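[1] Sequence below, structure please.
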Amino acid sequence: MNFIYTIMLQLFNNYRIMEAETISKNGASPKIQMSRLFFILFIFLLPYICSFGQYEKYNDSYKRGMSLFDQGNYDEALKIFTQGTKQQAPNNVNLNWFGLARTYNRFKKYDDALEYYNKFLDQAAHPTGRCAATTNYNGIEYCLTKYLFGSVHNNIGEIYESKGNIEAAFFNYNIAISVGSVTSYRLTNRARIYRKQGKFQEAINDYKQVIKDKDYAKEQKDSLTNIIIELYDSIDNYAEFYEFLKQVPNKTAEQYDKLAFTSFQLEKFEEVVRYYDEALKLQPSLSINTEAHEASKKYVAELREKERQEREERNRLNEIQKKEAEVRRVADLKKAQVGDKLLYSETWHWEEGWIFIDRGAYTMMVTCFIERIEGDRYQLRVGDVSSDDNRRSTTPTINGVRVNKGDLIWARPLNGNQWVYGESW
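    Numbers count the residues shown, from 1 in each chain. The predicted model follows:
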């Protein structure tokens, strides 16, 4: 970085010489104006260029310390971070204090870790320059990103939890999530505190957010799913428990057993039978709630029998209504006289498409007038012909013969339920 500074300084001197020579000969020119612009830009960037050299040792120590920390070499990391705290950092917010606190936390020296976390936060609350990103908490602008601010409080929360101070742990976990940023790891920490506080529904809500994380490992999701199920067993929120269990993929026999019992509490007896059957199919020796299973099977059997009887009764009543309607239709036709109007209907089915097939039906309606009556034979004059579908129509057939308006035909209306007597449809 010092090398870059030297080159920039040399370029600046060259432009200054060029400017002096050109002005002495020709006065100001576009080239000179550009040199002045470069001069202004150079003066503006000079402090930042110089700062790179000042912060080089700081950056190097923090990176080396984190590398050693990630490798598990905490003793060497502690030495590097300690040296790094003596280096000048941007805005006087030295990340080596953060690394030092994390390392002491690993050594379970919680008081030292807390001291250095608080020192780091105090530096961030009183920066010496303009910050690229800030996080506001309680009216104070911290020279930290939301994520890093949340990380500090999450780590402080873990320290307090290790020390047995549940209230302080929850306080810091909550700051990490609400003020910092939401991550699955932080939600898991807060949910663990909720469980210790007996706030099972709140713990469930946090855990359910975690298992929606696409990047969360399947094994961890399966473990959290079982924890959620255990927590639901401690509360009476059967409706929510039921919906959660239904969404669990690749259910185990035990999970089907839970789902069956939850369905029983919600009086979904058909599902009780189905889920208990699924559980026993996966694990025949599984101990289930036999009383709930048998009661549900009995209920379902009685329900099926009741449905069968109701269906038979509906069919019987429909047949009676059909017969009564036919008797009325025939009686009305028998009262008909020459000149009266008879109405005939014929249903046509249609099908369109090749790959995606569309199907439907429409009815052709024919108005006829009685010309002569001979026993059950009626001579009819065809009147209007229409369709109940404005887009589709065809020539209707009566006794297998296509008919049009004005045709004179013979028919036996008494024998076909397509004929009715009346003035209109």
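
[2] So for the helix or strand that residue 187 is a member of, what gets flagged as buried?
    For residue 187, the enclosing helix or strand under DSSP states H and E is helix 184-196. Across helix 184-196, burial judged by 16 or more other Cβ atoms under 10 Å covers 184, 186-195. For every residue, glycine as well, the C-beta is placed using N, CA and C.

[3] hmm, who's touching that helix?
    By Cβ atoms under 8 Å, 6 or more residues apart in numbering, the surrounding residues in contact with helix 184-196 are 150, 154, 157-158, 161, 166, 169-170, 173-174, 176-177, 180, 200, 202-204, 206-207, 209-210, 213, 215-216, 224, 231.

[4] going on from it, what's the next piece of helix or strand?
    Moving toward the C-terminus from helix 184-196, the next helix or strand (DSSP H and E) is helix 200-210.

[5] which residues sit against that following helix?
    Helix 200-210 has contacts (Cβ under 8 Å, 6+ apart) with 182, 184, 187-188, 190-192, 194-195, 216, 221, 224, 227-228, 231-232, 234-235, 237, 244.

[6] what angle separates that helix from helix 184-196?
    160 degrees (axes from the mean of the first three to the mean of the last three Cα atoms, to 10 degrees).

[7] just the buried members of the contacts of helix 184-196?
    Listed as buried from these are 150, 154, 157-158, 161, 169-170, 173-174, 176-177, 180, 200, 202-204, 206-207, 210, 224, 231; burial here means 16+ other Cβ under 10 Å.

[8] Dump the helix or strand hosting residue 161 to PDB, keeping only the CA atoms.
    In this assignment (DSSP H and E), residue 161 forms part of helix 146-162. Extracted in PDB, the C-alpha atoms of helix 146-162 (Å, rounded to 0.1, in the frame of the first residue of the first chain):
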ATOM      1  CA  LYS A 146     -26.800  -5.900  11.900                       C
ATOM      2  CA  TYR A 147     -25.400  -9.400  11.500                       C
ATOM      3  CA  LEU A 148     -22.200  -8.700  13.500                       C
ATOM      4  CA  PHE A 149     -24.200  -6.800  16.200                       C
ATOM      5  CA  GLY A 150     -26.500  -9.800  16.500                       C
ATOM      6  CA  SER A 151     -23.500 -12.200  16.600                       C
ATOM      7  CA  VAL A 152     -22.000 -10.300  19.600                       C
ATOM      8  CA  HIS A 153     -25.300 -10.500  21.600                       C
ATOM      9  CA  ASN A 154     -25.900 -14.100  20.600                       C
ATOM     10  CA  ASN A 155     -22.500 -15.000  21.900                       C
ATOM     11  CA  ILE A 156     -23.100 -13.000  25.100                       C
ATOM     12  CA  GLY A 157     -26.400 -14.900  25.500                       C
ATOM     13  CA  GLU A 158     -24.600 -18.200  25.200                       C
ATOM     14  CA  ILE A 159     -22.200 -17.100  28.000                       C
ATOM     15  CA  TYR A 160     -25.000 -16.200  30.300                       C
ATOM     16  CA  GLU A 161     -26.800 -19.400  29.500                       C
ATOM     17  CA  SER A 162     -23.600 -21.300  30.400                       C
END
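
[9] coming back round to it: what would the buried residues of helix 184-196 look like in a markdown table with pLDDT and distance to residue 83?
    Formatted as a markdown table, these follow (pLDDT from 0 to 100; distance: Cβ to Cβ, whole Å):
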| residue | pLDDT | distance to residue 83 |
| --- | --- | --- |
| 184 | 94 | 34 |
| 186 | 96 | 31 |
| 187 | 96 | 36 |
| 188 | 96 | 34 |
| 189 | 97 | 31 |
| 190 | 97 | 35 |
| 191 | 97 | 38 |
| 192 | 97 | 36 |
| 193 | 97 | 36 |
| 194 | 97 | 41 |
| 195 | 97 | 41 |
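
[10] In the protein, where is pLDDT below threshold?
    Counting by pLDDT under 70, the chain contains low-confidence residues at 1-58, 423-425.

[11] most residues in a single strand of it, which one?
    For the chain, the strand with the greatest residue count under DSSP state E is strand 358-374.

[12] Counting neighbours, show which residues of that strand come out buried.
    For strand 358-374, burial by neighbour count (16+ other Cβ under 10 Å) applies to 362, 364, 366-368, 370.

[13] would you list every one of the strands in the stretch 201-350 of the chain?
    For the stretch 201-350 of the chain, applying DSSP state E, counting those that start in this stretch gives strands covering 341-352.

[14] Show the contacting residues for residue 388.
    Neighbour list for residue 388: 362-363, 365 [criterion: Cβ under 8 Å, 6+ apart].

[15] now, which of those sits nearest residue 106?
    Each of these was checked against residue 106 using Cβ to Cβ; the closest is residue 362, at 80.0 Å.

[16] The closest one reaches residue 396, doesn't it?
    No: assessed by Cβ atoms under 8 Å, residue 362 is found out of contact with residue 396, at 11.3 Å.

[17] one step back: and the angle for the helix holding residue 187 with helix 146-162?
    Computed by the same axes, to 10 degrees, the angle separating helix 184-196 from helix 146-162 equals 30 degrees.

[18] Nearest residue to residue 203 in space, ignoring adjacent ones along the chain?
    Take residue 203 and drop its neighbours on the chain: the residue closest to it by Cβ to Cβ, 6 or more residues apart in numbering is residue 194, 3.7 Å away.

[19] Could you report the separation of the one you found from residue 171?
    According to Cβ to Cβ, to the nearest Å, residue 194 and residue 171 sit 13 Å apart.

[20] Surely residue 396 is in contact with residue 346?
    Yes: at 4.8 Å, residue 396 and residue 346 qualify as touching, with contact defined as Cβ under 8 Å.

[21] Nothing else from me, thank you.
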